[in-house]
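Undergrad: predicted coordinates and the sequence they were generated for:
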Amino acid sequence: EGKMARAYLGLGSNMGDKYENIHRAINMLREHGKIKVLKISSWYETEPVGYQDQDWFVNVVLQIDTSLEPYPLLEYCHWIEERLKRERKIRWGPRTIDVDILLYEDYVSDEEKLILPHPRMTERAFVMVPLYEIAPDLKIKGEPIGQIVRRLKGEKIRIVP
Ligand SMILES: Nc1nc2nc(S)n(CCO)c2c(=O)[nH]1
């Protein structure tokens, strides 16, 4: 069994049955023998950023341990997106499911196929609020996550009761 690495994944859906899509993606992650899902954030309904006139998203963040290296983990995330029939018509447009690697250990990488930490995550309340909920003591590039979240006040997200 390879050494386990700690990683955080961001899941989002704003098409079809958003809850079912997220639920199925989580199950596919659980089913992988080299991925252990440790924590799942609350489920958040979030205002779309980037491309305004689309439906609100449902977002969750997962804490996992995995013996997969970053690229094989990324490949599996893409496989899950394909399986859930991701229609990627407009680059920033609606999508069945997004499975993003937010953090992988304390890796920093700028390769265009896999940028770590995820390049836009610290400006996104739909990522930072769920991440803070499950890992309040995290630091991202040395900055305590609570500090980052406080800067993001005001973005519209609400926890699904
Ligand atoms: N609220 C919200 N806005 C988004 N814009 C994009 S692109 N995405 C896809 C994730 O990169 C999202 C999202 O998951 N949630």
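TA: Structure's in. What do you need?

Undergrad: show me what secondary structure element comes after whichever strand or helix holds Met128.
TA: Secondary structure assigned from DSSP states H and E places Met128 in helix 125-134. Next helix or strand after helix 125-134 toward the C-terminus (DSSP H and E): strand 139-140.

Undergrad: could you say what helices and strands that following strand packs with?
TA: Using 3 or more C-beta pairs under 8 Å, 6 or more residues apart in numbering; DSSP states H and E as the contact test, no helix or strand touches strand 139-140. For every residue, glycine as well, the C-beta is placed using N, CA and C.

Undergrad: got a list of what the closest residue to Ile157 other than its chain neighbours touches?
TA: Excluding the flanking residues, the one nearest Ile157 by C-beta to C-beta, 6 or more residues apart in numbering is Thr46, at 4.3 Å. By C-beta atoms under 8 Å, 6 or more residues apart in numbering, the contact set of Thr46 is 12, 56-59, 125-126, 155-158.

Undergrad: which of these fall within strands?
TA: The strands, defined by DSSP state E, take in 12, 57-59, 157-158 from the contacts of Thr46.

Undergrad: if you rank those by neighbours, which is first?
TA: Counting neighbours by other C-beta atoms under 10 Å, Asn59 comes out on top of these with 26 neighbours.

Undergrad: okay, now Ile134: neighbour count?
TA: Ile134 has 17 neighbours, counted by other C-beta under 10 Å.

Undergrad: against the ligand, which of the contacts of Thr46 make the cut? List them.
TA: Among the contacts of Thr46, the residues within reach of the ligand (C-beta under 6 Å from any ligand atom) are 12, 57, 59, 126.

Undergrad: circling back to that earlier point, lowest-confidence one in the contacts of Thr46?
TA: Minimum pLDDT for the contacts of Thr46 is recorded at Glu155 (63).

Undergrad: distance of whatever residue of the chain ends up closest to the ligand from Lys36?
TA: Nearest residue of the chain to the ligand: Gly12, at 2.6 Å (C-beta to the nearest ligand atom). Distance, Gly12 to Lys36, by C-beta to C-beta, to the nearest Å: 22 Å.

Undergrad: how about the strands in the chain?
TA: With DSSP E as the criterion, the chain has strands spanning 5-13, 35-40, 44-46, 57-66, 98-104, 109-111, 114-116, 139-140, 143-144, 157-159.

Undergrad: cheers, nothing more for now.
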